[in-house]
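> Sequence and predicted structure, then a few things I'm wondering about:
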There are 2 protein chains.
Amino acid sequence: MTVSKTAEKSSEKSGDAAKGRKDAGESQGQVHAEALQLGELSEQLGYVLKRAQLKVFENFLRCMASLQLTPAQFSVLLLVEKNPGRNQTEVASTLGILRPNFVALLDNLESRDLCARIRSTNDRRSHILVLTDKGKAVLARAKKLVATKHEARLNELLGQANREALLGMLSKIANEF
Amino acid sequence: MTVSKTAEKSSEKSGDAAKGRKDAGESQGQVHAEALQLGELSEQLGYVLKRAQLKVFENFLRCMASLQLTPAQFSVLLLVEKNPGRNQTEVASTLGILRPNFVALLDNLESRDLCARIRSTNDRRSHILVLTDKGKAVLARAKKLVATKHEARLNELLGQANREALLGMLSKIANEF
DNA sequence: TGATAATTGTTATGGACCATATCAAATATC
DNA sequence: GATATTTGATATGGTCCATAACAATTATCA
C-alpha cells in the first residue's frame, strides 16, 4: 500500500507476458463489448457472501431512510432494549465493537435522544445504557419497517423456509467457523 | 460524527429514563456476570450475514497467509486469468471496485510481479491486464489452498449439499435483491 | 478537417469503519 | 494504603469506499 507515485510502469516490461492470447477475431477498434466471465469467482463463498451482505445493508438503509438508522445503530437499540442496565463495555463487546469506536456511536444516539448514559451508582466508572421513551418509540417503528419492507422482501425472494435455512447456516458459520 | 468533545453529558439528564427497570435481585457490587441476550438480533439477516462474512474473510486470510493474498487480490487474479486482455475499467467494474481505488490494488499486484499492465495498441488510453507466469503459479497455489483448507472446512461444517444451497441463496440475494 | 465531447488511468481528498496506545477517574486487589 | 485493573474517553493511524479533477487519448460530428 501507498506504493510509489510515478506511473511510468507498464510499457514493454515483462515483454512476453502478452503471449498466448492470439485474439480470436479482433483487429479493429471496438472490441470486447461482452461482459466478463465470473468463472470460479461465482463459486467462492466469500465473494458471494460479501456481495449479498452489501445488498442487504443497502436495502436496509433504504428501508430505514425515514428513521435515519444504520444497521449498527439499529443493533445497538435492539440490544439495549433487550438488556437494559448494561454498561458500554458489555454492549459494545457483544456487538463486536471496540470500546473506543462505540463512543461516537453512542454520542450520536444520545444526541438524538434515542438512548441515555446513566452513571451507575454501583460502579461510578461505568455508564448504564437505557433507551429513552423516544428511543423505544423509534425502535418500535424501525422494527415494523424492517419486518414490512426488509424481511418481507427476503421472504418473497427466497421463501419462508429457505430464509430460515439461510439464517441457520449463517449463524453456524458466524459461531462455529 | 465528530461530535462535540466535552464529555460532561450523562449525569442526571433525561432523569426518568431509568424508570421501569426495577432490578430483579441486584443490590450489591458484582452484578450482571451473565452474557447479554441477543434477542431479535439473532433473527436479523443483515446482522448474521455480516458476522458470517467477517468470519469467512478472517479464515480466508489465515489460509492465504503463506501467499499474502487478500480476498480482493485473489478475486482480481481469478478474474484476470479467466478474462485476459481486458482493461482496468472492465475488471474493476465487474468486481464492484471503483477505478480510482483499483489503481493501488493493481500497483501492489504488479509490484509483486503477479500481473502486468500492458498499454493497448488498439486504444492507447487503456491498460490491458494479464497474469504473469509467476501470477499464474501463485494463483494455482492459492486455488489449492482455498479448496483444501478453506472450502473444505465449510463443507465439513455444513455438508456439501447445504453449502451449495447456501451459495445459491446468497447469489440470488446478490443478484436479484 | 478540426473543434468539442467522452473515455482511461491516475491523483488528491474526505468520510466511514476498524484497531491500538494512552489517559484520568474509579474500583479491585493484596 | 500502595499497586493493579477496569471504564469511558481521546488521539491517532490504517484500510476501504466515494467524489472531483486532470492529462492523454479517442470518439463525435459540424
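Happy to help now that I have it. Residues are numbered from 1 along each chain as shown, chains lettered A, B, ... in the order given.

> Relative to the whole chain's centre, how far out is stretch A:142-155?
When C-alpha coordinates are averaged (Cα atoms, centre = their mean, to the nearest Å), stretch A:142-155 and its chain have centres 16 Å apart.

> Contacts only, for the residue sitting nearest the centre point of chain A.
When Cα atoms, centre = their mean is applied to chain A, the residue found nearest the centroid is A:Phe57 (5.2 Å). Residues in contact with A:Phe57 (Cβ atoms under 8 Å, 6 or more residues apart in numbering or on different chains) are A:71, B:46, B:50. Every C-beta, even on glycine, is put in place using the N, C-alpha and C of the backbone.

> try 6 Å this time
Under the criterion of Cβ atoms under 6 Å, 6 or more residues apart in numbering or on different chains, the neighbours of A:Phe57 are A:71, B:46.

> How confident was the prediction at it?
As predicted, A:Phe57 sits at a pLDDT of 98.

> The strand or helix carrying A:Glu156 - what's its average pLDDT?
Counting by DSSP states H and E, the element that carries A:Glu156 is helix A:152-158. Average pLDDT, helix A:152-158: 95.

> Backbone dihedrals for A:Ile118, please?
As for A:Ile118, its main-chain torsions (degrees, to the nearest 10) stand at phi -120, psi 130.

> chain center to the longest helix seen in chain A: distance?
In terms of residue count, the longest helix belonging to chain A (DSSP state H) is helix A:45-63. In terms of Cα atoms, centre = their mean, the gap separating the centre of helix A:45-63 from the centre of its chain is 7 Å.

> ok, now how distant is A:Pro70 from A:Arg62?
If you look again at residue A:70, you'll see it is Thr, not Pro. Here the criterion is Cβ to Cβ, to the nearest Å. By it, A:Thr70 lies 12 Å from A:Arg62.

> of those two, who's got more company?
A:Thr70 (14 against 11; other Cβ atoms under 10 Å in any protein chain shown).

> ok, for that one, nearest residue in space, not its chain neighbours?
Spatial nearest neighbour of A:Thr70, excluding adjacent residues (Cβ to Cβ, 6 or more residues apart in numbering or on different chains): A:Leu61 at 6.8 Å.

> Please apply the same query to A:Ala92.
Nearest to A:Ala92 is A:Phe102, by Cβ to Cβ, 6+ apart, at 3.8 Å.

> For whichever strand or helix holds the one you found, name the packing helices and strands.
With elements taken from DSSP H and E, the one containing A:Phe102 is helix A:99-111. Taking 3 or more Cβ pairs under 6 Å, 6 or more residues apart in numbering or on different chains; DSSP states H and E as contact, the helices and strands that helix A:99-111 lies on are helix A:88-94.

> What residues sit buried inside the helix it packs on?
By neighbour count, and taking 16 or more other Cβ atoms under 10 Å in any protein chain shown as the criterion, the buried residues in helix A:88-94 are A:88, A:90-92, A:94.

> Roughly how far does A:Tyr47 sit from A:Met169?
17 Å.

> Kindly report the same for A:Ile118.
If you go by Cβ to Cβ, the gap between A:Ile118 and A:Met169 works out to 39 Å.

> Kindly report the same for A:Glu156.
With Cβ to Cβ as the criterion, A:Glu156 and A:Met169 are 20 Å apart.

> Could you do A:Asn83 as well?
From A:Asn83 across to A:Met169, the span is 26 Å (Cβ to Cβ).

> A:Leu61 now?
When distances are taken as Cβ to Cβ, A:Leu61 and A:Met169 turn out to be 25 Å apart.

> ok, now A:Asn108?
Here A:Asn108 is placed at a distance of 33 Å from A:Met169 (Cβ to Cβ).

> Likewise for A:Arg141?
Look at A:Arg141 and A:Met169: by Cβ to Cβ, they are 30 Å apart.

> So the two - more neighbours on which side?
Taking A:Arg141 and A:Met169 together and counting by other Cβ under 10 Å, A:Met169 has the greater number of neighbours (22 against 14).

> Now do the same contact list for that one.
Taking Cβ under 6 Å, 6+ apart as the test, what A:Met169 contacts is B:158, B:166.

> separation between it and DNA strand C?
Taking Cβ to the nearest atom of the strand, to the nearest Å as the measure, A:Met169 falls 22 Å from DNA strand C.

> Over to A:Asp107?
From A:Asp107 to DNA strand C the distance is 12 Å (Cβ to the nearest atom of the strand).

> what do you get for A:Gln88?
Distance from A:Gln88 to DNA strand C, counting by Cβ to the nearest atom of the strand: 13 Å.

> Need the nearest residue in space to that residue, chain neighbours excluded.
In space, not counting the residues next to it along the chain, A:Gln88 is nearest to A:His127; the distance is 5.4 Å by Cβ to Cβ, 6+ apart.

> Phi and psi next, for that neighbour.
In this entry, A:His127 is assigned phi and psi values of phi -110, psi 120 (degrees, to the nearest 10).

> what do you get for A:Arg117?
The phi and psi torsions at A:Arg117 (degrees, to the nearest 10) take the values phi -100, psi 130.

> what sits opposite it in the beta ladder?
With DSSP bridges applied, A:Arg117 shows beta-bridge pairing to A:Leu129.

> Give me the neighbour count for it.
Residues lying near A:Arg117 (other Cβ under 10 Å) number 23.

> just A:Glu176 next, same as before
9.

> How about it, nearest residue that isn't a chain neighbour?
By the measure of Cβ to Cβ, 6+ apart, the closest residue to A:Glu176 outside its immediate chain neighbours is B:Leu157, 6.3 Å from it.

> how much space between the one you found and A:Thr94?
As judged by Cβ to Cβ, B:Leu157 and A:Thr94 stand 23 Å apart.
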